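[1] Sequence and predicted structure, then a few things I'm wondering about:
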Amino acid sequence: MFLELDGHGPHYAQLARALRSAVLDGRLGTGTRLPPTRELARELELSRTTVLSAYEQLRAEGFIEGHTGSGSYVASLQTHPPLLPATPSIESPSRYAQRARTVRTPGIATKHRGLRYELQYGHSQINPALNGIWGRELARAAIYTPPQITHVQGLPALRKQICDYLARRRGVRISPEQVMVVAGTQQAVTIAARVLLDEGDAVVLEEPHYFSMHQALIAHGARICPVRTDDEGLVCNELPQISPSLVCVTPSHQFPTGAVLSLPRRLELLRYAEKHQCWILEDDYDGEFRYTAHPLAALRSLDKGDRVIYVGTFSKVLFGTLRMAYMVLPAALVDDFVNAKYLSDVASPGIEQAALAHFMEDGGFERHLRLARKELQARRDALIEGLHRYAGDRVEIGGSPAGMHVVAWLRGYDHARAEALIELAQGRGLGLYSMTPHYLDPPARPGLLLGYCGLSVTTLREAMQLFGQCLDDMDARQV
Ligand SMILES: Cc1ncc(COP(=O)(O)O)c(C=O)c1O
């Protein structure tokens, strides 16, 4: 098979890119069987793990179907959102478009459908009561919101509520002038990239990291400097000596490992930003869901040098489709960020902002959070209890008690065996997802990212029982 690797980044990403292009430009048509991983590894003089990881990445993106062992096939792309125009490829209109082509995907793991137990990360909690309340808030706001756009930065009433909320819950004391409402974390990242980065500028990204953030930065033309994370989060003494323009972190709940950035490292990171005169983007994506008595305050609350751009989102706590998030901006950046927001989409939708401001002012938002936190904690407990009971010491549970997912590292598994486990589970109606697509280079040991948001306590217990049976069957295959 003719595949040209472009020499940029890790081998598995190069291979995934080459295969993706072959699918998109029709060289590998729907249903084509990809070469067995061993064979391709031999042909390209790569390790088998590299080939496995590339296949896994493409499977997560929906380009291929099937599994190691039973064969991997090019998926029918008609069933997915259009990835590229159907016309034969024109030369890409710009460098941005060229880079975006290499990363544009429907997102992590949208493949498994109709499974009895779906542990995909990113599903929102289904909450009919919240839908009802939200509908009433929207109807009310539609009547009272003036039709003209006056606030690029966000409605003052909402920005005030966000300030009060951050002071109460995240230890961040700021004024509404520093807050900007944006269309999700994704827009926060793209605006930050536009304002702060020229093509080729260095950006530190945690390894592993949030897939969509990486994609946005690559498409913008950033040069990614991955920095390892461990049980205390970002390993700050491995930050690059050259000065990056931006450091992107998830300090409160590292995504996806779940580690909490320790206090000494938080201080070290802030000193680093001062010394190198770079900005820090703090993605506090699930800051609302901490199940310990004393969660650490946000990194931004320690930031005396005004170098931290804090991003919080309503995607996780309300609805993913709301597309609403907020940034807390260093004073020196406010005007440039507001300009970029204006140029991007003028302003976020006024009625939704007004509805949210009222929901927060009224106390409904915090009431909802209290209930959601309680329910999610019960789900998390059920999942962990089930893991202990049915998986025992065959998995190691990673991360801190927070958020909407748990990491289960598989003991005694290599990547190929982990793939086989995922396939076996899928065949029995259990959707499991690998940690590997969240890494630039495959991790030393395979792990699973288990999202527990979409299942009830009862179904999570059943799911874990089934997981235990799948592990038993995998053990039986060994003997
Ligand atoms: C690490 C991380 N950051 C941010 C987000 C939220 O992104 P958005 O606000 O664009 O929905 C997510 C959602 O899955 C996430 O996992």
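    On my side now, so go ahead.
[2] number of nearby residues for whichever residue of the stretch 1-150 of the chain sits closest to the ligand?
    Among the residues of the stretch 1-150 of the chain, residue 122 lies closest to the ligand, at 4.8 Å counting by CB to the nearest ligand atom. In this view, the C-beta of every residue, glycine as well, is placed from N, C-alpha and C. For residue 122, the neighbour count with other CB atoms under 10 Å is 18.
[3] By mean pLDDT, point me to the weakest helix or strand of this protein.
    Across the helices and strands of the chain, mean pLDDT, DSSP states H and E gives its lowest value to strand 64-67, namely a mean of 80.
[4] Tell me the helices and strands packed up against that strand.
    helix 48-61, strand 71-74, helix 415-427 (3 or more CB pairs under 8 Å, 6 or more residues apart in numbering; DSSP states H and E).
[5] Please state the offset of the longest one from the chain centre?
    In terms of CA atoms, centre = their mean, to the nearest Å, the centre of helix 48-61 is found 18 Å from the chain centre.
[6] for that helix, which positions count as buried?
    By 16 or more other CB atoms under 10 Å, the buried positions in helix 48-61 come out as 48-61.
[7] One more: the last one?
    Of all the residues in helix 415-427, those buried under the rule 16+ other CB under 10 Å are 415-426.
[8] From residue 52, how far off is residue 34?
    12 Å (CB to CB, to the nearest Å).
[9] Could you list which residues are in contact with the most centrally placed residue in the chain?
    For the chain, residue 210 is the residue whose C-alpha lies nearest the centre (CA atoms, centre = their mean; 3.8 Å). For residue 210, the contact set (CB atoms under 8 Å, 6 or more residues apart in numbering) comprises 250, 255-256, 283, 285, 438.
[10] Spell out which residues of the chain are next to the ligand.
    122, 184-186, 210, 250, 255, 283, 285, 313, 315, 320, 325 (CB under 6 Å from any ligand atom).
[11] switch to 5 Å and redo it
    122, 184-186, 210, 255, 283, 285, 313, 315, 325 (CB under 5 Å from any ligand atom).
[12] List the buried residues of the longest strand seen in the chain.
    The strand spanning the most residues in the chain, taking DSSP state E as the definition, is strand 223-230. Neighbour-count burial for strand 223-230 flags 224-227, 229 (criterion: 16+ other CB under 10 Å).
[13] Dump the residues you listed into a markdown table; add distance to residue 444 and pLDDT as well.
    Below are the buried residues of strand 223-230 laid out as a markdown table (distance: CB to CB, whole Å; pLDDT from 0 to 100):
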| residue | distance to residue 444 | pLDDT |
| --- | --- | --- |
| 224 | 20 | 97 |
| 225 | 20 | 97 |
| 226 | 15 | 97 |
| 227 | 16 | 98 |
| 229 | 13 | 97 |
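[14] Tell me which two in these are the farthest apart.
    Largest separation among these by CB to CB: 224 and 229, giving 14.6 Å.
[15] shaky segments in the stretch 51-200 of the chain?
    67-69, 78-90, 104-113 (pLDDT under 70).
[16] And the helices in it, which stretches?
    According to DSSP state H, counting those that start in this stretch, the stretch 51-200 of the chain carries its helices in the segments 95-103, 128-144, 156-170, 184-196.
[17] Looking at those helices, which one is packed in the most?
    Among the helices of the stretch 51-200 of the chain, helix 184-196 has the highest mean neighbour count (mean count of other CB atoms under 10 Å), at a mean of 22.
[18] so what secondary structure elements neighbour that one?
    Against helix 184-196 (3+ CB pairs under 8 Å, 6+ apart) you get helix 211-220, strand 246-249, strand 279-283, strand 308-313, strand 325-328, helix 334-345.
[19] Give me the domain ranges for the protein.
    11-96, 117-122+367-478, 128-362 (automatic domain parsing).
[20] how many other residues sit next to the residue nearest to residue 99 when sequence neighbours are not counted?
    Leaving out its chain neighbours, the residue that sits closest to residue 99 by CB to CB, 6 or more residues apart in numbering is residue 219, at 4.9 Å. Using other CB under 10 Å, residue 219 is surrounded by 20 other residues.
[21] need the contact list for residue 141.
    The contact partners of residue 141, taken as CB under 8 Å, 6+ apart, are 351-352, 354-355, 358.
[22] let's see it at 7 Å
    351, 354-355, 358 (CB atoms under 7 Å, 6 or more residues apart in numbering).
[23] Near residue 62, how many other residues are there?
    21.
[24] same question but for residue 146, I mixed them up
    8.
[25] picking up where we left off before, out of the domains of the chain, which gets nearest to residue 103?
    Here domain 128-362 is closest among the domains of the chain (CB to CB), at 4.3 Å.
[26] okay, how far is it across the closest one, tip to tip?
    19 Å (CA to CA, to the nearest Å).
[27] one step back: pull the distance from the least confident helix or strand of the chain to the chain's centre.
    Worked out by CA atoms, centre = their mean, strand 64-67 lies 23 Å from the chain centre.
[28] Now do it: everything it contacts.
    Contacts of strand 64-67 (CB under 7 Å, 6+ apart): 34, 55, 58, 72-75, 419, 423.
[29] likewise stretch 355-362?
    137-138, 140-141, 155, 157-158, 161, 165, 324, 365.
[30] Residue 372: what's it in contact with?
    Applying CB under 7 Å, 6+ apart, the residues near residue 372 are 125, 317.
[31] In terms of helices and strands, where is it?
    Secondary structure assignment for residue 372, by DSSP states H and E: helix 364-386.
[32] Report the angle between that helix and helix 156-170.
    Put simply, helix 364-386 runs at 40 degrees to helix 156-170, going by axes from the mean of the first three to the mean of the last three CA atoms, to 10 degrees.
[33] Could you look up the next helix or strand downstream of helix 364-386?
    strand 395-398.
[34] Which strands border that following strand, and is each parallel or antiparallel?
    Here strand 395-398 has these sheet partners by DSSP bridges: strand 405-410 (antiparallel).
[35] Show the average pLDDT along the partner strand.
    Averaged over strand 405-410, pLDDT sits at 97.
[36] residues in contact with that strand?
    121, 256-258, 380, 383-384, 387, 395-399, 418, 435, 445-452.
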